[in-house]
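S.K.: here you go, sequence then predicted model.
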Amino acid sequence: MNNKRLILLVTACLLAFLSPISVQAKQVGLEIVAGSEADFPPYAIVDDKGRASGFSVELLEAVAGAMGLSVKVHTGSWPDVLAAFKEGQYDLLPLVALSEKRTDMASYTKPHTVAYDSFFVRKGSRTISSLAEAKGREVVVMSSDAAHEALVNSGLPVRIIETKAIPEAMRLLASGKHDAVLVPKLLGLMVLQTAKLNDVIKAGPPISDYNRQFAFAVQRGNVDLRDKLDQGLAIVRATGQYDSIYKKWFGGIEGHDSFPMYILGWLGGSSILLAVFASGWVSSYRRMKALRESEKRFQVLHDASFGGVIIHDKGLILDCNQGLSDMTGYTNEELIGMDGLKLIAPESLDLVMKNIQSGYGQRYEVEGVRKDGTKYPLSIKGKNVSYQGHNVRVIEFSDITEIKQAEKEREEALLRVKKLEGIIPICMHCKKIRDDQNSWNQLEQYITNHSEAMFSHGICPGCYEEQMNEIKNRKTP
């Protein structure tokens with residue numbers, strides 16, 4: 001085989017292998033029919049022209065465009081959209097919160113966004129900070145929503161009031177009906193702003209009982225469509241389109257929130273290869289090769305680090321080292337894509353959230369939680385850095401169990417030493433010592449009880465001579 005034929009053969013193989021995914025998808029000519037909520041801002045809304053819009057809809061359109069798919073989006077209330085999907089009327093839903101109950105309902109892409117819920121109450125009412133604190137209350141939720149499922153699954157004596165849309169729920173609360181509304185915090189804040197109810201209703205802190213990992217849902221078994229959507233998500237992230245869409249819909253209000261509620265979704269390892277396809281073969285390949293070499297150097301460094309190292313974007317773990325896996329009991333595969341707050345004990349969540357939001361860079365101590373549920377003392381320190389084109393935060397985890405144990409033993413030893421300080425009452429005749437219970441103890445017994453000292457009995461030379469003389473002078477009968 002001559003060189004020219006060899007070059008042509010290699011070129012043909014490369015074109016077949018590196019053929020852009022979008023071109024391949026266009027050849028399929030698929031049209032996706034999706035169902036979206038009409039009143040779930042900023043995720044899903046209907047614009048002034050009656051068309052489906054919102055973050056999830058625009059993200060779906062971008063993903064479909066990257067894969068060469070055509071999308072037609074219908075709108076309706078969430079209960080109606082969900083029912084239509086279950087009946088097979090829609091190919092996919094762009095915004096579904098993952099839950100155990102919904103596992104068998106559909107096939108899901110990797111999460112594209114994460115949100116935390118809060119209880120909204122009337123101003124002047126007591127703040128509700130957890131599901132347990134809602135006990136005995138009337139709580140308004142959107143029917144079949146993740147908040148609805150969470151309250152039902154909690155088994156708590158809560159009276160659940162169902163509505164079809166969040167704005168309706170807020171209006172009910174503002175009118176004096178019921179006690180609270182449970183919704184994603186940022187969504188609730190935007191509804192209050194739009195409906196001009198900020199003077200009537202206030203938001204509580206984000207609850208730690210659960211979070212919402214939003215993903216695209218496709219009909220169960222449609223693995224081909226699911227995989228195409230996952231690939232499309234990787235492409236729009238690699239090209240920066242995801243960030244642009246995110247800023248468009250969340251940038252105007254997220255800065256006013258007490259904690260960043262929405263988190264960039266899972267960053268798959270395959271996105272590097274997909275970025276090569278999406279951005280052009282030669283130039284992208286060179287950039288990705290340099291990035292992979294940089295990542296390899298980083299991997300060696302962070303796996304050699306003492307303790308755990310996390311790279312997270314507003315809480316969601318993008319990368320971590322083996323030390324974190326050893327410390328927490330999770331595998332690296334389980335940790336990547338996990339909500340990092342699950343590694344923190346509930347009593348320390350408020351402090352951690354505050355420090356993430358403020359960019360606090362000093363070391364501080366919290367309680368950590370391992371996979372098996374055991375808690376342990378943890379020292380953490382964070383720093384904001386640029387990673388793979390994103391502003392993220394690096395956190396160093398240090399298990400300080402041994403340090404705390406040593407401190408405890410030192411304090412106990414100091415306490416025992418202090419018991420031997422001051423004026424000790426001793427009998428001038430028999431040399432017994434009076435303790436705190438007003439009992440008289442032999443000197444060696446007292447010291448043993450109040451320190452770690454132990455006694456061995458012997459005899460000094462002076463006493464030995466005295467005792468021997470006494471024995472010699474003792475008269476025998």
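M.R.: In hand now; what should we look at?
S.K.: tell me the centre residue of the chain?
M.R.: What sits nearest the mean C-alpha location of the chain, by C-alpha atoms, centre = their mean, is residue 339, with 2.1 Å.
S.K.: verify the contact between that one and residue 315 for me.
M.R.: Yes. Assessed by C-beta atoms under 8 Å, residue 339 is found in contact with residue 315 at 5.8 Å. Yep, even glycine has a C-beta here, placed from its N, CA and C like the rest.
S.K.: and the longest strand along the chain, average pLDDT?
M.R.: Identified as the longest strand of the chain according to DSSP state E is strand 375-387. Averaged over strand 375-387, pLDDT sits at 85.
S.K.: pLDDT at residue 297, what is it?
M.R.: On the pLDDT scale, residue 297 is placed at 47.
S.K.: likewise for residue 353?
M.R.: Looking at residue 353, its pLDDT is 81.
S.K.: isn't there a helix covering it?
M.R.: Yes. Per DSSP: H, G, I helix; E, B strand; the rest coil, residue 353 lies within a helix segment.
S.K.: what segments of the stretch 201-350 of the chain are helices?
M.R.: 223-238, 241-250, 271-279, 281-304, 322-328, 332-335, 349-358 (DSSP state H, counting those that start in this stretch).
S.K.: weakest of those by average pLDDT?
M.R.: Taking the mean pLDDT of these, helix 271-279 comes last: a mean of 41.
S.K.: backbone dihedrals for residue 161, both of them.
M.R.: With angles defined as degrees, to the nearest 10, residue 161 sits at phi -110, psi 120.
S.K.: count the residues that sit near it.
M.R.: Per other C-beta atoms under 10 Å, the neighbour tally for residue 161 reads 18.
S.K.: go ahead and confirm it touches residue 142.
M.R.: No. Using C-beta under 8 Å, residue 161 and residue 142 do not qualify as a contacting pair, with a distance of 10.4 Å.
S.K.: overlap in contacts of the two?
M.R.: residue 169 (C-beta atoms under 8 Å, 6 or more residues apart in numbering).
S.K.: what is the helix or strand where residue 34 lies packed up against?
M.R.: Taking DSSP states H and E as the definition, residue 34 sits inside strand 31-37. Packed against strand 31-37, as judged by 3 or more C-beta pairs under 8 Å, 6 or more residues apart in numbering; DSSP states H and E, are the following elements: helix 55-67, strand 70-76, helix 78-86, strand 92-97.
S.K.: specify the angle between that strand and strand 70-76 in degrees.
M.R.: Strand 31-37 runs at 30 degrees relative to strand 70-76, counting by axes from the mean of the first three to the mean of the last three C-alpha atoms, to 10 degrees.
S.K.: whatever helix or strand comes next after strand 31-37 pairs with which strands, and in what direction?
M.R.: Sequence order places strand 39-40 as the next helix or strand after strand 31-37, per DSSP H and E. As defined by DSSP bridges, the strand partners of strand 39-40 come to strand 44-46 (antiparallel).
S.K.: distance from the partner strand to the middle of the chain?
M.R.: Strand 44-46 sits 28 Å away from the centroid of its parent chain (C-alpha atoms, centre = their mean, to the nearest Å).
S.K.: next: stretch 207-221.
M.R.: Averaging C-alpha positions (C-alpha atoms, centre = their mean) puts stretch 207-221 14 Å from its chain's average.
S.K.: quick one: low-confidence parts of the protein?
M.R.: 1-30, 252-306, 387-390, 413-422, 450-452, 475-477 (pLDDT under 70).
S.K.: so what are the domain limits for this structure?
M.R.: Domain segmentation of the chain under automatic domain parsing yields 20-109+215-264, 117-203, 305-403, 420-473.
S.K.: the second one: end-to-end distance?
M.R.: Start to finish, the residues bounding domain 117-203 are 10 Å apart (C-alpha to C-alpha, to the nearest Å).
S.K.: and residue 172, how many neighbours?
M.R.: Residue 172 has 16 neighbours, counted by other C-beta under 10 Å.
S.K.: got the phi/psi numbers for it?
M.R.: For residue 172, the backbone dihedrals are phi -60, psi -50 (criterion: degrees, to the nearest 10).
S.K.: give the contact list for it.
M.R.: Residue 172 touches 140, 161, 163, 178, 181, counting by C-beta under 8 Å, 6+ apart.
S.K.: what residues are up against the last one?
M.R.: It stands for residue 181. 119-120, 139-141, 166, 169-170, 172-173, 188, 201.
S.K.: can we see that at 7 Å?
M.R.: Applying C-beta atoms under 7 Å, 6 or more residues apart in numbering, we find residue 181 in contact with 120, 140, 169-170, 173, 188.
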